[in-house]
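Student: Sequence plus the predicted model coming up.
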Amino acid sequence: MKSKKILLVGGCGFIGHNLAIHLKKMNYTPIIVDSLTVNNLYSHTDDEIKNKELYDSILNNRINLIKEKKIELIIQDARDYHKMSKIYTDVKPDVIIHLAAVSHANKSNKDPHSTFDHSLRTLENTLDNARINKTHVIYMSSSMVYGDFTSKEVKEDAICKPIGIYGTLKLSGELMIKAYSHVFDLPYTIIRPSALYGERCVSRRVGQIFIENAIQNLDVKINGDGEDKLDFTYINDLVSGISSCCFNQNAINETFNLTFGRSRKISELLKILQEEFPKVKISYQSREKFMPERGTLNIDKAKNRLNYNPKDSIETGYIKYINWYKNFWKKSF
């Protein structure tokens, strides 16, 4: 049987390349489209990024893995409507997974134009081409669309009140997709992840920065008092959940929280870090203004409809990530 084609727009990012590798293992045919200019190889200059040498090594490791797995990579800016239209026509994907975006809330608030350009403009191109053949579109949204969590657990039907540029643009993307579905009968799935961590991340997420500083004997800085809770999610659990949406009728026109399903204090993540790096020094600073109060995302819907079964709590997943980072550091430096 001919392998199903899955086009990953913005697929060389942290989520995308891990997802492509997973889909290849599942005997699908993932095809990546990426300009490599957003938080990637062609965007890191000496003046703009800390640890450029480290990040370049990690990003080249991503590319090498993609080549080793014989995954096709098309280097193209997803904002270019005409060139993207040709790619859609040539590839004829069975599913499109839209990952293109500026992937960090702080960066979004500092540069809203670029965030809009790389998030909504690229999405409009995807939707306008997907509607032609009614191709299933999977959209990577974010738990940031909820804003401050107002209950112990947040379900997908909670009222969304995002804070700042990032969450607002993610929610705007969700509304665009639903509008296309309503007008053009376009099938979609919306994914809301949370607090991701895992191998080959350079997005400066909290779990990454902790290890990165500890391994270089730098202070680990905490925004706030460490009591904030996040639903930390290991990358392998997320990509497994996304994969289960690709050809599942239960995923059509639905929104899913795909997280571990249990929030943990940042101090708990720090405790694991300190066990692996006993000499690490911790310092505290003011909490970021536009960071909402978050907690647990309810994943019952994904469990019931997708058989989603996340396996790695921070006690196992974060240890895997730390060990990978230690080995990568040893080999590279």
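Tutor: Thanks, I have it.
Student: Give the buried residues for the helix or strand hosting Tyr318.
Tutor: Per DSSP states H and E, Tyr318 falls inside helix 314-332. Using 16 or more other CB atoms under 10 Å as the test for burial, helix 314-332 gives Ile314, Gly317, Tyr318, Lys320, Tyr321, Ile322, Tyr325, Phe328. Using the backbone N, CA and C atoms, a C-beta is placed for each residue, glycine as well.
Student: Which other helices and strands does that helix contact?
Tutor: Helices and strands touching helix 314-332, as assessed by 3 or more CB pairs under 8 Å, 6 or more residues apart in numbering; DSSP states H and E, comprise helix 52-68, strand 196-197, helix 206-215, strand 233-234, helix 266-276.
Student: re earlier: which member of the buried residues of helix 314-332 is positioned nearest Ala101?
Tutor: Of all the buried residues of helix 314-332, Ala101 sits closest to Tyr321, with 22.2 Å by CB to CB.
Student: Next up, the contacts around the closest one.
Tutor: Contacts for Tyr321 were tallied using CB atoms under 8 Å, 6 or more residues apart in numbering; they are Tyr197, Gly198, Glu199, Gly207, Ile211, Tyr234.
Student: next one: Lys134
Tutor: Lys134 is in contact with Phe184, Asp185, Leu186, Pro187, counting by CB under 8 Å, 6+ apart.
Student: For the last one, give its distance to Gln274.
Tutor: I take that to be Pro187. According to CB to CB, to the nearest Å, Pro187 and Gln274 sit 46 Å apart.
Student: returning to what we had before: tilt between the helix holding Tyr318 and helix 52-68?
Tutor: 100 degrees (axes from the mean of the first three to the mean of the last three CA atoms, to 10 degrees).
Student: what's the distance between helix 314-332 and the middle of its chain?
Tutor: Averaging C-alpha positions (CA atoms, centre = their mean, to the nearest Å) puts helix 314-332 19 Å from its chain's average.
Student: Run through the stretch 201-333 of the chain and note the low-pLDDT ranges.
Tutor: Residues of the stretch 201-333 of the chain meeting the criterion pLDDT under 70: 290.
Student: Mind putting the helices and strands packed on helix 314-332 into CSV with mean neighbour count and distance to Ser142?
Tutor: Formatted as CSV, the helices and strands packed on helix 314-332 follow (neighbours: other CB atoms under 10 Å; distance: least, CB to CB, whole Å):
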stretch, mean neighbour count, distance to Ser142
helix 52-68, 16, 21
strand 196-197, 25, 10
helix 206-215, 21, 15
strand 233-234, 27, 12
helix 266-276, 17, 18
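Student: which stretch among the ones you listed comes nearest Tyr284?
Tutor: Here helix 266-276 is closest among the helices and strands packed on helix 314-332 (CB to CB), at 10.6 Å.
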